[in-house]
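Student: Fold the following and give me the result.
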Amino acid sequence: MATLEKDLVFLILQYLDEEKHKETFHRLESESGCYFNMRYFKELVTNGEWDETEKYLLGFTKIDSNEQSMKIFFEIRKHKYLEALDKRDDAKAVNTLRKDLRMFAPFSEDLFKEMTLLLSLDDFRENPKLSTHGDTTSARGALFRDLKKLIKVNPLFRDKLDFPTIKTSRLRTLINQSLNWQHQLCKNPKPNPGFKTLFVDHICKQPSAVSAASPAINQPDIAAEVLPPHGPAPGAIIPAAPVAPVKRRRSASSGAGCLLILNPLRAYEISFPLIQVFFHIFVMGFFQVGNTLPVPYSGQPHGHNTLSPDDLPKVVATTLSQGSRVTSMDFHPVQQILLLVGTVGGAVFLWDVGARKKISKKGFDVWKLEACSKELQASLYADETASANHVAWSPDGTLFGVAYSKNIVHIYSFDGGNDIPNHLEIEAHTGSVNHLAFSYPNEQLFVVTCGDDRLVKVWDVATGAIRFTFEGHEAPVFSICPHQKENIQFVFSAATDGKIKTWLYDELGERGTYDAPGNSLTRMAYSSDGTRLFSCGTNEGESFLVEWDETEGSIKRTYQGLGLRAVGIVQFDTTKNRFLATGDESTIKIWDMDNTNPLTTIHADGGLPASPCVRFNKEGTLLAVSTSEHGVRILATNEGFRLLRTAENRWLARKVPGGVGFGSSSANAGITMADQSNSFAAMKKNEVRSLADGKPRTSKVSGEGSTSWKVTEITEPSQCYSLRLSDNVTDTKVSRLIYTNSGSGVLALASNAEHKLWKWQNSDPNLDGKATANAHPVLWKPKSGIMMMMNETSDKNPEEAIPCLALSKNDCYLVSASGGEISVFNMLTFKCMATCVPPPPASTFLAFHPSENNIIGIGFEDSSIKIYNLRNDEVRAILKGHKNRITGLAFSRALDVLVSSSADSQLCVWGMFRWKKRCSKYLQVPQGRSTPAVSNTQVQFHQNGIHLLVVNETHIAIYDAQKLDLLNNWFRLEAITPITSGTYSGDSQSIFVSFEDGTVDVLTASNLRLRCRINPTAYLPSNPRSYPLVIAAHPSESNQFAVGLSNGHVYVVEPSETEGRWGTSPPGST
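Tutor: Take a look at the predicted model:
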């Protein structure tokens, strides 16, 4: 039974016990086989209910399951027989002997005869062996003690004798939480929902008319009770000694302490135990990975419906020659255009697929022959060649390993350059090393190997020391698959006899043995998200591709369509959590993971061997397949071709003398459209870092013929739509501004620590309810007006604090700070669920981890960065490398990196795997420009997760985040006013840049060419004292942006219907 199914059974058992459904409770214990209730079993034995005793036992074991089980049933029936004799009930005794005990006769004929002779005695105690048999009560007590011992040593009862520790009324709590959440998702939640059934999802009926001007709900003073529990509501689990304590807020209200079903808009106004419950629900529950809500947002995958066979790499991009047959391939986990290839000749190649360039070649060469065993030395003297059986990258791409057919494993270091130094040489096995894989248990990097010596070994990558040796296979071990699930780290190993074993990182031996389908030579792999396990193997030409049910160790799904006469071992790979690919019958066969029939076949222009190697890159945009002529063919999707072109252009740019990467050619010369001018920083008398004098290049871009292309100027209100979002503005300024991920709201954080949320409603002019300048939104807040989202502030002047905020992907939770502690708000209720990380130092920037919603990055004024777990109230890592306060954080899932910026314009790249700094650079300032010593440097990733937008007061730049290579930069020719903010558009095709003079420039992102300038006269009323401080882009409407002004106002701006978009793209733009 799967873990969650078992948990559900225990919750039902707890409910039945609390409700006193005794008979049903014990019946479910037996029928589910999850929990053997020793107390109930004692009750049955003590009362002499022998039929019920056996019936209960049969839920856990059969009579002949094992020796212990047989003895348990024998002792019960023997005692039943003796009691019948003691009561002089000869008929019952004879019946018991004939029906119940005869089945044991074959195991001991003498014992059965001896028991039969007891019928002839007046008192069975005359038998010397039974002379101490007591009265009924004492005899039953002695019997129970004997049975208890037998049950405890019976392996079938292992893990079934203890009921798990569960808080009171846990099932009720979960149901109540579910109803609460369903109610919060209602479009028009009623103040007293009146839940009536659990059979369907709760939905408040739509009112006949809804007042858009009054979205807040009149709330009752007490909560609605649906399922009254038997005791107080269980609180959230709070760590005993958190690294950074989280303050639980409690209400002064003393009532409703035992209520669980609550109006979600009144969750704050209940007693402390329930505040803990709600903190557990919202912070510890919905910040977890995989807890998605039915609210779409830009850039979020929407399940299988978003993928089709057209998303697979099918078109040949290039072919790379290897010189001998390819045995193994692996794409770099971060730089996805780098491909590692192992060959039967022992050579290992590292290719830059985009540039079609061989970066490195490593042949088989033992580094320290004298350190090798005599057997290996003798083998090498006889034949110094070996095959590279397997190649693999470490999870962060800083190392790669090679398993050779002669004892040896080589580990190399890789820092992105052409020089690839040796790291470790390990004589790992006696004979061939068949497979290797990197693993990361307990925050330590290991490499796991297997070989012909029937062993699996685990090595410390830092020192080369052996950590574990797993013995138990009876045949050479063919492959391994390390993995981690639910904090349990383990290894699968598959041998040539078709046996699959599981191991934990200890010396306690195998944890389980399974048979591979068809007893085949099998390799195993997980889907990209680590949730589904697959294997593919071949035996005597017949191949098997299956999905496993890990919890049961059984086959969940067998895929059809593989050939029956495979030559060699059929290899496979997975991609996008959706597709499986095998190299079979000189083609690439593709399956949808949820369908056993083949989805499509890719021929890759032919020339493939019978069972080619296949390997996807991390994003599934490239597919490598081996060819018959000792080569590797690269297939690509449209996105894959863009990735390859980007890499190729970058390589070519490096070859141009004096080139600066992208933009160094005349086609992209628009990135430096400036004459030298005075810096605004010098005008403000700030300390200035000046670069060497030199006149920047100027650019002239021409269209067709002699007609010059011109920047579109937006100067009149008729040329665009502009909407001021209504509010009661105080004398503040807008410090931070973001759209909700759904695109239906705008959230502003003012300098006085107050948040304002505007929401657009579904209406006739705005059917989709998205943010628009053509419909007025509602300033969303409780009707009382007193429960605003307010950050805590420090003793300093709030205007001097550096506000920061981040919104969860499902738009339900906000983390925010204004110089004081970080607040965690529920966006639906405006309630502050918790505060954490008190100053000093004060937080200056916040960002959610892209794939773990309970993890945030926090930048501080003391230049440090913390990776913080909101759920566990703990610091995962502290990153130190900056010298000034942190001004920006940006995560990239594509590169698995975090990029940070600081007030001194330093950029740092951190690996998300071990949180180590990879590289750092100071912002490169264009010639003739200067930058102040302290400035607000912002960072943001392009949708591709590779290109990094950097916005500084003096200019903007685009970097390749892998090594912080500068690709493009731009600043105004006539700039005498600083940049205040900048952002990518929702589709990352444009960049919006705001200035202190009120103008907004729209650039083409691909080459940083200005295409449109929006003057403040077009979108702002005549007010020379206000200008944009922050700018935000709509997540899905690529031409819409919002600005937060220095006077506290917020405007949404988009082009008019006649304009359609912000200008036209300059020549050479893509």
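Student: domain parsing for this protein?
Tutor: Listed by automatic domain parsing, the domain ranges of the chain are 36-157, 167-193+222-285, 310-649, 711-810+972-1070.
Student: Now do the first one, average pLDDT.
Tutor: By that I understand domain 36-157. Per-residue pLDDT over domain 36-157 has a mean of 88.
Student: and what of the last one?
Tutor: Confidence for domain 711-810+972-1070, expressed as mean pLDDT, is 86.
Student: How much space separates K710 from L1010?
Tutor: As for K710, its distance to L1010 is 10 Å (criterion: CB to CB, to the nearest Å). No exception for glycine: its C-beta is placed from N, CA and C like everyone else's.
Student: Please identify which of the two sits among more neighbours.
Tutor: L1010 (21 against 12; other CB atoms under 10 Å).
Student: That one touches V1000, doesn't it?
Tutor: No. Counting by CB atoms under 8 Å, L1010 does not reach V1000; the two are 11.3 Å apart.
Student: Centre of the chain to stretch 721-736, how far?
Tutor: Stretch 721-736 sits 36 Å away from the centroid of its parent chain (CA atoms, centre = their mean, to the nearest Å).
Student: Is Q489 in a helix, a strand, or coil?
Tutor: At Q489 the chain is in strand, as set by DSSP: H, G, I helix; E, B strand; the rest coil.
Student: Give me the pLDDT value at the closest residue to K916 other than its chain neighbours.
Tutor: Nearest residue to K916 in three dimensions, chain neighbours excluded: W910, at 6.8 Å (CB to CB, 6 or more residues apart in numbering). As predicted, W910 sits at a pLDDT of 94.
Student: what sits against W910?
Tutor: Residues counted as contacts of W910 (CB atoms under 8 Å, 6 or more residues apart in numbering) are I865, L879, G881, V897, L898, V899, S900, K916, K917, R918.
Student: who touches the nearest residue to the fourth one once chain neighbours are set aside in this structure?
Tutor: With sequence-adjacent residues excluded and distances taken as CB to CB, 6+ apart, V897 is closest to V909, at 5.3 Å. By CB under 8 Å, 6+ apart, V909 lies in contact with V897, L898, V899, K917, R918, C919, S920, A961, Q962, K963, L964.
Student: Could you identify the most distant pair in those?
Tutor: L898 and K963 (15.1 Å; CB to CB).
Student: quick one, which of these two is more surrounded?
Tutor: It is L898, of L898 and K963, that has more neighbours when counted by other CB under 10 Å, with 27 against 14.
Student: Relative to I865, how far out is that one?
Tutor: From L898 to I865 the distance is 8 Å (CB to CB).
Student: Mind listing the shared neighbours of those two?
Tutor: G857, L879, L889, W910.
Student: Would you convert those into CSV that also reports distance to F364 and secondary structure?
Tutor: As requested, these are exported to CSV (distance: CB to CB, whole Å; DSSP: H, G, I helix; E, B strand; the rest coil):
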residue, distance to F364, secondary structure
G857, 43, strand
L879, 40, strand
L889, 44, strand
W910, 36, strand
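Student: of all those residues, which comes closest to E18?
Tutor: Among those, G857 lies closest to E18 (CB to CB), at 43.2 Å.
Student: Can you name the residues that contact that closest one?
Tutor: Contacts for G857 (CB under 8 Å, 6+ apart) come out as F845, L846, A847, F848, H849, I865, K866, I867, Y868, L889, F891, L898.
Student: The stretch 551-700 of the chain: helices as residue ranges?
Tutor: 638-655, 680-683 (DSSP state H, counting those that start in this stretch).
Student: Could you list the low-pLDDT ranges of the stretch 851-1000 of the chain?
Tutor: 927-931, 974-975 (pLDDT under 70).
Student: Is H947 bridged to anything, and to what?
Tutor: D960 (DSSP bridges).
Student: wait, it sits on A957?
Tutor: No. The criterion here is CB under 8 Å, and H947 misses it with A957 at 10.5 Å.
Student: Touching both of the two, which residues are there?
Tutor: Common neighbours of H947 and A957 (CB under 8 Å, 6+ apart) are L967.
Student: just the shared contacts of L898 and I865 now: which is nearest N1015?
Tutor: Taking those together and measuring to N1015 by CB to CB, the closest member is L889, at 32.6 Å.
Student: got the contact list for the closest one?
Tutor: Listed by CB under 8 Å, 6+ apart, the contact set of L889 reads F845, L846, A847, G857, G859, I865, L898, V899, S900, S901, V939.
Student: Quick one: the contacts of G857 as CSV, columns for secondary structure and distance to N442 too.
Tutor: Formatted as CSV, the contacts of G857 follow (DSSP: H, G, I helix; E, B strand; the rest coil; distance: CB to CB, whole Å):
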residue, secondary structure, distance to N442
F845, strand, 31
L846, strand, 29
A847, strand, 27
F848, strand, 26
H849, coil, 21
I865, strand, 24
K866, strand, 22
I867, strand, 18
Y868, strand, 21
L889, strand, 27
F891, strand, 25
L898, strand, 23
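Student: re earlier: ranking the helices of the stretch 551-700 of the chain by mean pLDDT, which is last?
Tutor: helix 680-683 (a mean of 30).
Student: thinking again about what came up before, tabulate the contacts of G857 (CSV), appending distance to S735.
Tutor: Output for these, formatted as CSV (distance: CB to CB, whole Å):
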residue, distance to S735
F845, 12
L846, 13
A847, 16
F848, 19
H849, 23
I865, 20
K866, 21
I867, 24
Y868, 22
L889, 17
F891, 22
L898, 23
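Student: now the residue sitting nearest the centre point of the chain: how far from C536?
Tutor: In the chain, the C-alpha nearest the mean C-alpha coordinate belongs to S851, at 3.9 Å (CA atoms, centre = their mean). Distance check for S851 against C536: by CB to CB, it reads 27 Å.
Student: What of S527?
Tutor: In terms of CB to CB, S527 sits 14 Å off from C536.
Student: which SS class is Q182?
Tutor: helix.
Student: now the farthest one out in the protein, which residue is it?
Tutor: The outermost residue of the chain relative to its centre, with distances by CA atoms, centre = their mean, is D122 at 75.1 Å.
Student: Could you check which helix or strand contains it?
Tutor: D122 belongs to no helix or strand when elements are defined using DSSP states H and E.
Student: And it, how far from D135?
Tutor: 17 Å.
Student: What of F41?
Tutor: Remark: distance between F41 and D135 (CB to CB) = 21 Å.
Student: okay, those two: which has more neighbours?
Tutor: Applying other CB under 10 Å to F41 and D135 shows that F41 carries more neighbours, namely 20 against 8.
Student: could you check the distance from the more buried one over to E31?
Tutor: For F41, the distance to E31 - CB to CB - is 15 Å.
Student: Which residue is the nearest non-sequential neighbour of P1066?
Tutor: Per CB to CB, 6+ apart, closest to P1066 is R1009, 4.1 Å.
Student: Just confirm that neighbour contacts T1064, I think it does.
Tutor: No. With contact defined as CB under 8 Å, R1009 does not reach T1064; the gap is 10.8 Å.
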